[in-house]
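1. Next one to model:
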Amino acid sequence: MNLSMELTAYPLEDKYLPVIEKYIEHLRGYKKIKLEVFPTCSVLFGKHDDVVEALSSSIKWSVEHKNKVVFIFYVFRILFYFSPIIYYLLTKNQSADPP
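-> Alright, predicted model coming up:
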């Protein structure tokens, strides 16, 4: 089963941008998922288990690096009904793996 997840991070630190940049760079290390980064969120695509593993591991990584962050995420099974961002990604790149 394919899954997409829209993820937003809100660091609880004055210098929040480096925290977000490091977190995104860490997410790029997960080769089994596709990552798209937008100004207000990141979207993870892939097989259900791979996306959930990437989210779980990356949040653990953030905690281990002493980051104080609030994470908000939306999980979508039927991609194009729920998020205009995800619909745009699927329609601009026909090689995306639909549900």
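
2. Low-confidence bits of the protein, can you list those?
-> 78-99 (pLDDT under 70).

3. where do the helices sit along it?
-> Under the criterion DSSP state H, the chain contains helices at 16-28, 48-64, 79-82, 84-92.

4. Buried residues in the longest one, which are they?
-> In this case it means helix 48-64. By neighbour count on 16 or more other C-beta atoms under 10 Å, the buried set for helix 48-64 is 50-52, 54-55, 58-59, 62. Glycine gets a C-beta too; all of them are placed from N, C-alpha and C.

5. now do stretch 20-28
-> 20, 23, 27.

6. Please report how far Lys60 lies from Leu17.
-> 22 Å (C-beta to C-beta, to the nearest Å).

7. Please apply the same query to Lys68.
-> In terms of C-beta to C-beta, Lys68 sits 15 Å off from Leu17.

8. now do Tyr74
-> With C-beta to C-beta as the criterion, Tyr74 and Leu17 are 23 Å apart.

9. Which residue of these two possesses the greater neighbour count?
-> A count of neighbours by other C-beta atoms under 10 Å puts Tyr74 above the other of Tyr74 and Leu17, at 14 against 9.

10. need the longest strand for the protein.
-> strand 2-11 (DSSP state E).

11. Only C-alpha atoms, please: export it in PDB.
-> Output of strand 2-11 as PDB, limited to C-alpha atoms (Å, rounded to 0.1, in the frame of the first residue of the first chain):
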ATOM      1  CA  ASN A   2       1.300   3.400  -0.900                       C
ATOM      2  CA  LEU A   3       1.100   6.300   1.500                       C
ATOM      3  CA  SER A   4       1.900  10.000   1.600                       C
ATOM      4  CA  MET A   5       2.500  12.100   4.600                       C
ATOM      5  CA  GLU A   6       2.500  15.900   4.900                       C
ATOM      6  CA  LEU A   7       4.800  16.900   7.700                       C
ATOM      7  CA  THR A   8       5.300  20.300   9.300                       C
ATOM      8  CA  ALA A   9       7.900  21.000  12.000                       C
ATOM      9  CA  TYR A  10       7.600  23.800  14.500                       C
ATOM     10  CA  PRO A  11      10.900  24.100  16.400                       C
END
